[in-house]
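K.L.:
sharing a model that was predicted from the sequence below.
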Amino acid sequence: MLKSEKYPHLLLNSNAAQFKESDEGGLNLGQVAAILRRRILLIIGITGLIATAAVLKAETDPPVYQGTFEILTKPVTGESKVIANVPQAINSQDGVSADADSKNSIFTTITVLQSPRVLDPIIEKLQPKYPDLTYKSLLLGLSIQSAAKSNQILAVQYTDEDQQQVIDVSTLLADAYLKYSLEERQSDVDQAISFVNQQRKPLDERVKYWQNQLRNLRWENSLIDPVQKSQELSEQIAAFRQQQITNRVELEQLVARYNDLQKELAQQPGERAGNSLLTENARYQNILTQIQETEIETRQRAAVLTDDNPLMETLRQRKAYLLPLLTEEEVRVQKDFQSRIQSLIARDTSLSDKIKNLNNEMRALATISRNHDNIQRELQIANNGLTQFTTKQQALQIEKAQKQQPWLLLDPKLATVTNPNPVSNSAKLNLALGGILGLLLGVGAALVVDKLSDIFYTAQELKDTTRLPLLGIVPLRKELEPASETNLSRELQQPNRASFFEVFRSLYTNILLLGSDTPIRSLVISSPGQGDGKSTIAVQLAQAASAMGQRVLLVDANLRSPSLHNRVGLMNVQGLTDIISQDLDWHNVIERSPLEENLFVMTAGPIPPDSVRLLASQKMQDLMNELQADFDLVIYDTPPLLGFADAYLLAANTNGMVLVAGLGKLKRTAMQQVLEEIQVSGTPLLGMIANKSKEGTPVSHQYYQQYYKQSVSAERVGEVVEVESNSSALRRIRRP
């Protein structure tokens, strides 16, 4: 017997605590959407109730009158056209167009029009006739907004229950706003002119000051254009530096030749014959040649003559005469090199002094040029400012000559309002507001009611709350009722029924994967309470396993209220109760199911007086061991877990329990209690099955239907081709 200790990962470890922690969490967007769909009728009812009450209230309210008029804040008049051609005017179109489109400017204008500065004179005129009229009451009925068609149009509305008061207030408001526009413009122009006049005088003084500074700078430095002077100095410095480089190259070459000459002079006269420096001197070379010829002749004569011979004496005297001449020529050559070197050194010094002086002059010119540029910049700034203020002054003088009001009523008849429009029919507005309020209240009520209902509605809620493995999700199908073999077989050939059956194939596969090391040979299927669909799940799971080639036994262990025999189309004559109480051979009691060839069923038999005693007996344990050894899979359908110990007794002798949760029915408190009992009993829990899901067709279900349709279409095409081929063969056989 495979016990729970072989599946330590399947035991329930602190799932009750996890349940409590998850249950205290908030709702996500998906859960909110699901709740709203479930409680749509409640939301619609509350929304309709609130909206109806709002409409009824609107019908009972006293009538309210409204006076309206529109003001064009930037009208195109003859004066405005003149101002438009003066870009420096305050109300020029170029300068105000962007400002008129600015939201900040519109907000500022509306704030001023609603201020006590504009409204207090109107209140003072009307208070003798309307004593209750105050600034707050007037502001409460006044509405000023920018028209949707243009930001330059202001729509003014005043509402009140007194029709005559609406007429009087609207008339005075129109006059006051037009008067305000003219006074405001004139006031702005006067302030601008005063400001310009104040700013022009210091600008005139600044221009004169910087002009004098520029004149003094040029006169003191004999300077007209610092840039041109700087360019000339740069060209001179570049020329002198080039000359200095050439002179230094020549000096280095001459010094090198002089040093080579010193080395040559240190050699013997006979060794100097091939030297390139001394050979360039013709005199030196002529004397050296004569000395060499004398020495050669002396050696030749010495071979035949004695030293006392007069000819030998003459040759010696000749050589003694030539040697001083050679020495003098060497000294002269050295002095010539020294003189040329000194000349080049003096020229280099002179060039360095000139370059240094020019650099000093350039540095001084840089300071002067910087001062010159600063003065010119300041002078240009002052001139620009003076030009702008002069142009502004001329434009303001032209603008001050305007007499027309800047603002214009779009409908002059509204200047004296005589028949304000009644707006007592506020049913549409109240309907909209009531609908919105009702919708919000309905949504809130739906969330509260759903929270108080304490029921699992979706598989995701079940999984997130219990933190247990979810083996499968079974969609809600009303046709899963006890049916005959013929009807059930016909249904299985329909794509919807076949795809639904595929859900249980996947479910059985998931259960097999739980026992990868040791196969799962027996399991108990139960649920927290009645109506969760555990018996239906047991039948469908057993049918799916047998269809996959497994030899399956379905045992109705619900001895309190057996029902499996009705679901599989069998008679409950003898069953589990008879095997245990009468020692019958179970081989003679089980029956082959009409649903599948490999599916066998053991019905419950007669209801015993004490089912717990039978299930807890040693005979029951021995029977379970024999059944598990003889069948590939044994499935026990048991009573609910709450209030009954039957499922716990059987699960202790199987590979584990599969818990079926009926969505839309199972309460959270019931699930929490069941999990706590499972944890206390130590019952191995393989996982859960979410039954009766209303969340739509699973993705696997959709893929299966698509695949089934494609397969059926291909089979039909094959059948047509086969029929046509058979017909052609028959025709050939019948020919003589």
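P.N.:
Everything's here; your move.
K.L.:
report the longest helix in this structure, please.
P.N.:
helix 310-400 (DSSP state H).
K.L.:
which other helices and strands does that one contact?
P.N.:
helix 78-84, helix 163-220, helix 226-265, helix 282-302 (3 or more Cβ pairs under 8 Å, 6 or more residues apart in numbering; DSSP states H and E). Yep, even glycine has a C-beta here, placed from its N, CA and C like the rest.
K.L.:
ok, which of these comes nearest Leu627?
P.N.:
Closest approach to Leu627 among the helices and strands packed on helix 310-400 (Cβ to Cβ): helix 163-220, 92.9 Å.
K.L.:
which neighbouring elements make contact with that closest one?
P.N.:
Under the contact definition 3+ Cβ pairs under 8 Å, 6+ apart, helix 163-220 sits against strand 65-72, helix 116-126, strand 153-160, helix 310-400, strand 408-409.
K.L.:
got the angle between the first one and strand 153-160?
P.N.:
Taking axes from the mean of the first three to the mean of the last three Cα atoms, to 10 degrees, strand 65-72 and strand 153-160 form an angle of 160 degrees between their directions.
K.L.:
going forward can the numbers begin at 222, since that is how I track them
P.N.:
OK, 222 is where the count begins now, so the last one is strand 286-293.
K.L.:
quickly run through the sheet partners of strand 286-293, with directions.
P.N.:
strand 374-381 (antiparallel), strand 629-630 (antiparallel), strand 642-643 (antiparallel) (DSSP bridges).
K.L.:
ok, Leu474 - how many residues close by?
P.N.:
Heads up, residue 474 is Gln, not Leu. Gln474 has 11 neighbours, counted by other Cβ atoms under 10 Å.
K.L.:
confidence-wise, which of the strands paired with strand 286-293 is weakest overall?
P.N.:
Of all those, the segment with the smallest mean pLDDT is strand 642-643, scoring a mean of 60.
K.L.:
next structured bit after that one?
P.N.:
Downstream of strand 642-643, the next assigned helix or strand under DSSP states H and E is helix 648-674.
K.L.:
for Glu473, give me the pLDDT.
P.N.:
So Glu473 comes in at 89 (pLDDT).
K.L.:
how far does stretch 732-748 sit from its chain's centre?
P.N.:
46 Å (Cα atoms, centre = their mean, to the nearest Å).
K.L.:
name the SS class of Asn779, please.
P.N.:
Three-state assignment for Asn779 (DSSP: H, G, I helix; E, B strand; the rest coil): coil.
K.L.:
Provide the secondary structure category for the residue nearest to it when sequence neighbours are not counted.
P.N.:
Once flanking residues are discounted, Asn779 sits nearest to Pro860: 5.0 Å by Cβ to Cβ, 6 or more residues apart in numbering. Reducing the assignment at Pro860 to three states with three-state DSSP gives coil.
K.L.:
was I right to think Pro860 contacts Asp777?
P.N.:
No: between Pro860 and Asp777 there is no contact under Cβ atoms under 8 Å: 10.7 Å.
K.L.:
of those two, who's got more company?
P.N.:
Asp777 (27 against 21).
K.L.:
domain-wise, how is this structure divided?
P.N.:
Per the record, the chain has its domains at 225-246+678-931, 260-281+649-674, 447-591, by automatic domain parsing.
K.L.:
on that earlier part again, tell me which of the strands paired with strand 286-293 sits most buried.
P.N.:
Highest mean neighbour count of those: strand 374-381, a mean of 20 (counted as mean count of other Cβ atoms under 10 Å).
K.L.:
tell me what angle that one forms with helix 384-441.
P.N.:
Using the same axes, to 10 degrees: strand 374-381 against helix 384-441 is 150 degrees.
K.L.:
how about the helices and strands packed on helix 531-621, which one is nearest Asn578?
P.N.:
helix 447-486 (9.8 Å).
K.L.:
hmm, back to that, the residue nearest to Asn779: what's it in contact with?
P.N.:
When contacts are counted by Cβ atoms under 8 Å, 6 or more residues apart in numbering, Pro860 touches Ser747, Asn779, Leu780, Arg781, Ser782, Asp867, Ala868.
K.L.:
if we use 7 Å, what do you get?
P.N.:
Applying Cβ atoms under 7 Å, 6 or more residues apart in numbering, we find Pro860 in contact with Asn779, Arg781, Asp867, Ala868.
K.L.:
what's the burial count for the last one?
P.N.:
This points to Ala868. Ala868, neighbours per other Cβ under 10 Å, totals 27.
K.L.:
distance check, it against Ala911.
P.N.:
Note on Ala868: its distance to Ala911, by Cβ to Cβ, to the nearest Å, is 19 Å.
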